[in-house]
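Enquirer: Kindly return the folded structure for what I paste below:
(one chain, ligands or ions: 1)
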Amino acid sequence: MTLTHPGAPALTAALDCFFVRPGEDERARTAGRQVLGRVTYGHSGRPPTLHNGAPLVRTAMADAATERITEVWTTDRPVRSGRDGGLVYAEDGEHFFCAVRIDACGVYRDTVRQAYEAAFTLMWRLGYTEPLRMWNLVGDITGPNAQGMETYRDFCVGRAQAFESWSDRIGGMPAATGIGSLRPGIDLYFLACRTGRARHLENPRQTPAHRYPARYGPKSPSFARATLLEPGSGTRPVLYVSGTASIVGDDTVHPDDFGRQCAVTLANIEALVSPENLARHGLAGGFRLADLDCVKVYVRDARDLPAARAHCAEAFRADADVACFNVGVCRPDLLVEIEGICR
Ligand SMILES: C=C(O[C@@H]1C=C(C(=O)O)C=C[C@H]1O)C(=O)O
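Expert: From the prediction side, this is the model:
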């Protein structure tokens, strides 16, 4: 992070995230901290639950070619957790985590809209008025729904309707991921924060997703390319990078070339997190690719996994947490997508 200078004391982020693999013990990394939520990228999609006092999301993202990981969100503040209808949530006074599962159905838009609106209602009731980061894990993402519409497009309609009906209260759409999962149904989990800390960023190389032309679906995807969480006391800025793919403007580039799609994806992330792009948004600081951590790499074809791992080894720090998944991406011609957190 370019804001830090030699000799500056290392600040611990209030909200933190790391991956735990089978056989690893999360306690080594949660000492003195509270768990705000866990997300198991495993073998089955099941409704979220409360586990040891924190939400546990269970989504089907691991297969024979990829490992199961659990993403653990921690905070340095006391956590309160609960349920509200189908939502499971936790809060620490500054940050809010919630999750819900939408069971497989013929047409998703109405249940997606209801799930989003229920989450917005709960966030607002508890005083977390700014969505910060959203994950949408969609079974058979580019397959058809019962009316023949692509499931992702169907999903985007319901989500856009929820944002439209909340546009007087929720000004900005946050960073997000909309990616395939390996079982029918949709798993959603969200982070939100108190007012005034979230800044949403676009990418100079890409058309904002919410302005994609109608050929990509009746409602454009509701998300920003990244969201900066401005520092609270004793913390430093953190940049949540949306799922990013080989899209320039609104076009998929290099549809049949995995290596080139990786290169464009990384160039897109580099431009997004750069000091120049933060300055374009009136923000100080900035990041480099090597600052990306908690990296998730989504690869459509299992045969491309070794190449994906090689590209990541070159682009990211040796100690960056990187997890690869073999899942569908939101356009049939996208072969890879990458997200992460700069801090
Ligand atoms: C890859 C793209 O979109 C994907 C879909 C998203 C969504 O619908 O929430 C968010 C980021 C990506 O996971 C893109 O449009 O560039």
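
Enquirer: who touches stretch 42-57?
Expert: Contacts with stretch 42-57, where a contact means CB atoms under 8 Å, 6 or more residues apart in numbering, come from 34-40, 58-63, 68, 70, 79, 81-83, 86-90, 97-101, 137, 139, 181-185, 187, 189. For every residue, glycine as well, the C-beta is placed using N, CA and C.

Enquirer: what about burial for the residues you listed, which qualify?
Expert: 34-40, 58-62, 70, 79, 81, 86-90, 97-101, 137, 139, 181-185, 187, 189 (16 or more other CB atoms under 10 Å).

Enquirer: Sitting in strands, which of the contacts of stretch 42-57 do you find?
Expert: The strands, defined by DSSP state E, take in 34-40, 58-60, 70, 81-83, 87-90, 97-101, 137, 139, 181, 187, 189 from these.

Enquirer: Retrieve the pLDDT associated with Gly232.
Expert: Gly232 carries a pLDDT value of 72.

Enquirer: my guess is it contacts Glu94, does it?
Expert: Yes: counting by CB atoms under 8 Å, Gly232 does reach Glu94; the two are 5.9 Å apart.

Enquirer: who touches both of the two?
Expert: The contact lists of Gly232 and Glu94 share Ala14, where a contact means CB under 8 Å, 6+ apart.

Enquirer: Identify the residue of the stretch 51-200 of the chain closest to the ligand, quick one.
Expert: As assessed by CB to the nearest ligand atom, the ligand sits closest to Gly178 within the stretch 51-200 of the chain, at 2.6 Å.

Enquirer: so where does that residue fall, helix or strand?
Expert: strand 175-181 (DSSP states H and E).

Enquirer: From the contact counts, what lies against that strand?
Expert: Contacts defined by 3 or more CB pairs under 8 Å, 6 or more residues apart in numbering; DSSP states H and E place strand 175-181 against strand 130-139, helix 151-165, strand 238-245, strand 292-299, strand 336-342.

Enquirer: In contact with the closest residue in space to Ala90 that isn't next to it in sequence, which residues?
Expert: Closest residue to Ala90 apart from its sequence neighbours, by CB to CB, 6 or more residues apart in numbering: Ser81 at 3.9 Å. By CB under 8 Å, 6+ apart, the contact set of Ser81 is 50, 53-55, 88-91.

Enquirer: so which of those residues comes closest to Gln161?
Expert: Taking CB to CB as the measure, Tyr89 is the one of those closest to Gln161, at 22.2 Å.

Enquirer: Now that the closest one has come up, it's in contact with Phe96, right?
Expert: Yes: assessed by CB under 8 Å, Tyr89 is found in contact with Phe96 at 6.7 Å.

Enquirer: any residues in contact with both of the two?
Expert: With CB under 8 Å, 6+ apart, Tyr89 and Phe96 have common neighbours Leu126.
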